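> Sequence plus predicted model, see below.
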Amino acid sequence: MSHPMQNLLDLDPASLDHWFAQRGEKPFRARQVSRWIHQRYAADIASMTDLAKSLRTALVRDAEIRAPGVLRDTTASDGTRKWLLDAGSGNAVEAVYIPEDDRGTLCISSQAGCALDCAFCSTGRQGFNRNLTTGEIVGQLWHANRTLRTEAIRAAKPQAWGDHTRAPITNVVMMGMGEPLANFDNVVPALRLFLDDNAYGLSRRRVTLSTSGLVPWIDRLRDECPVALAVSLHAPTDALRDRLVPINRKHPLSTLMAACLRYLDRAPRDFLTFEYVMLDGVNDQPEHAASLIALVRDVPCKLNLIPFNPFPGSGFTTSPRERIRGFAHALQDAGIVATIRKTRGQDIDAACGQLAGQVNDRTKHRLAARIPLAGAHQGHLPSATHS
Ligand code: SAH
Ligand code: SF4
């Protein structure tokens, strides 16, 4: 009887143990194979030379290590590098590597497209196509480490922050395409691999998941795998947030803030960041800063102001630099830790919210198509149903 090939990138540590146990193999074999895959970035089971020959032969027959194929590989003038990856059926997702002096960050995608339809987001504009599998999510980190490590060794040029035996990627942010909590069942196993000592071994504070605020899933993440959390706030009142982040109509600010406080019960206090995209004339006025201060005053958090990254037809412009600074100062004067995100990779459309992949029009899968806009002011915002 023939079995489908098992993609080993799909298995989190417990599932890999289980898979080996079912084959009558000891758990230490699973850990050994995990280190080959996730620490030495082996693509080929036959290269795992310290495995017994009989095991290797059986694995070659039944298993594979399959990361998404690379469709395009682009490097920006500031060193930011974007991989466009094949997500099947004409879809593509993007992973972005952001090198800094003391770390290497990889921004990972969780879905091809996104159904949540935030007004200022290029991914949302594409609509939703499909959830990535665990293997496709983990495969982004595996691929980036493998490529960067191979290139460093070939160039015999250790990375600036250490020797090339260390993994090139030191931090992971789930801030690429898609809403990670809407793909919870595939994302959590990937997070477990990011944290596992026999896989990527990253500490919880070096793995950040960004969400637009799916409240029930924030609670599940707290219970199952509490990594650093970034919450896309973007507006300090329900009236404005309903328009910018439509999921707010289902999970309004009061329930979102309560979920954040519950999250902090389980996570260290520096584990919560609020993201706030700065949209000219929309959410960047002194009264917005005042409401924001009132909203987050009792929540231990950092605020990260993101200059809006434009894309064609977005209908928004970025707040002027001075206004962003003034907004940050107002927060800081109220005792809130506020930073302004440095925009990276803009010349290759790799900055936050510019990731679009190549999904086709999926307008019917967008949230706004299902949640009526009744009561939402259009103002000078683009219509949320506009595609
Ligand atoms: N879906 C998740 C994670 C992906 S988006 C979320 O919404 O949090 C990562 C961050 O980029 C979010 O804070 C998102 O609101 C922000 N973002 C989206 N479009 C943007 C744009 N055009 N400019 C700047 N930031 C943007
Ligand atoms: Fe989806 Fe996040 Fe974009 Fe909103 S900002 S549409 S949740 S990817």
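Now that the structure is in, tell me what you want to look at. Residues are numbered from 1 along each chain as shown. Ligands and ions are numbered 1, 2, ... in the order given.
> C-alpha from now on. contacts and neighbour counts both.
Noted.
> wait, isn't residue 71 in contact with residue 87?
No - with contacts defined as Cα atoms under 8 Å, residue 71 does not count as touching residue 87, sitting 9.9 Å away.
> Of those two, give the one with the bigger neighbour count.
A count of neighbours by other Cα atoms under 10 Å puts residue 87 above the other of residue 71 and residue 87, at 25 against 13.
> now that one: how far from residue 13?
Relative to residue 13, residue 87 is positioned 24 Å away (criterion: Cα to Cα, to the nearest Å).
> do the same with residue 233
From residue 233 across to residue 13, the span is 33 Å (Cα to Cα).
> between those two, which one's more packed in?
For residue 233 and residue 13, the more surrounded residue by other Cα under 10 Å is residue 233, and the numbers stand at 25 against 20.
> can you tell me which residues contact the more buried one?
212-213, 241, 274-276 (Cα atoms under 8 Å, 6 or more residues apart in numbering).
> In strands, which of the residues you listed appear?
274-276 (DSSP state E).
> same for ligand 1: which of those residues are within range?
With Cα under 6 Å from any ligand atom as the criterion, the subset of the ones in strands among the contacts of residue 233 in contact with ligand 1 comprises residue 275.
> In TSV, list the ones in strands among the contacts of residue 233 along with pLDDT and neighbour count.
Converted to TSV, the ones in strands among the contacts of residue 233 look like this (pLDDT from 0 to 100; neighbours: other Cα atoms under 10 Å):
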residue	pLDDT	neighbour count
274	98	21
275	98	24
276	98	23
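> okay, stretch 313-330 in CSV with CA atoms only?
Provided in CSV are the C-alpha atoms of stretch 313-330 (Å, rounded to 0.1, in the frame of the first residue of the first chain):
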residue,chain,number,x,y,z
GLY,A,313,-5.2,53.3,-4.9
SER,A,314,-5.1,53.1,-1.1
GLY,A,315,-6.8,56.5,-0.7
PHE,A,316,-4.6,57.4,2.3
THR,A,317,-1.4,59.4,2.8
THR,A,318,1.2,59.1,5.5
SER,A,319,1.2,61.6,8.3
PRO,A,320,3.9,64.2,8.0
ARG,A,321,7.1,63.4,10.0
GLU,A,322,6.6,66.2,12.4
ARG,A,323,3.0,65.2,13.3
ILE,A,324,4.2,61.6,14.0
ARG,A,325,6.9,63.0,16.3
GLY,A,326,4.4,65.2,18.0
PHE,A,327,2.0,62.3,18.5
ALA,A,328,4.9,60.2,20.0
HIS,A,329,5.8,63.0,22.3
ALA,A,330,2.2,63.4,23.6
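> Alongside ligand 1, which residues does the chain contribute?
Proximity of the chain to ligand 1, by Cα under 6 Å from any ligand atom, involves residues 120-121, 175-179, 210-212, 231-232, 275, 277, 306-310, 352-354.
> Let me see the contact set for the residue of the chain found nearest ligand 2.
The shortest separation between the chain and ligand 2 is 3.5 Å, found at residue 124 (distances taken as Cα to the nearest ligand atom). Remark: with contacts taken as Cα under 8 Å, 6+ apart, residue 124 is in contact with 113-118, 178, 366.
> Let's see which of those end up in strands.
Members of those lying in strands (criterion: DSSP E): residue 113.
> okay, and for this protein, where does confidence drop off?
Along the chain, segments meeting pLDDT under 70 span 1-3, 157-165, 348-387.
> who's the residue nearest the centre of it bridged to?
With distances taken as Cα atoms, centre = their mean, the residue of the chain nearest its centroid is residue 174 (1.4 Å). With DSSP bridges applied, residue 174 shows beta-bridge pairing to residue 209.
> thinking it is in contact with residue 108, fair?
Yes - contact status for residue 174 versus residue 108: in contact at 5.0 Å, counting by Cα under 8 Å.
> Could you pull out the helices in the stretch 51-200 of the chain for me?
When secondary structure is read from DSSP state H, counting those that start in this stretch, the stretch 51-200 of the chain shows helices at 53-62, 122-126, 134-154, 184-195.
> Just list what the third one packs against, helices and strands only.
Using 3 or more Cα pairs under 8 Å, 6 or more residues apart in numbering; DSSP states H and E as the contact criterion, the elements in contact with helix 134-154 are helix 184-195.
> mind checking the end-to-end distance for stretch 241-258?
When the termini of stretch 241-258 are compared using Cα to Cα, they are 16 Å apart.
> mind listing what's buried in that stretch?
Across stretch 241-258, burial judged by 16 or more other Cα atoms under 10 Å covers 241-249, 251-253, 256-257.
> Just give the nearest non-adjacent residue to the residue of the chain closest to ligand 2, would you?
Among residues not flanking residue 124 along the chain, residue 117 sits closest, at 4.3 Å (Cα to Cα, 6 or more residues apart in numbering).
> Right, I'll call it a day here.
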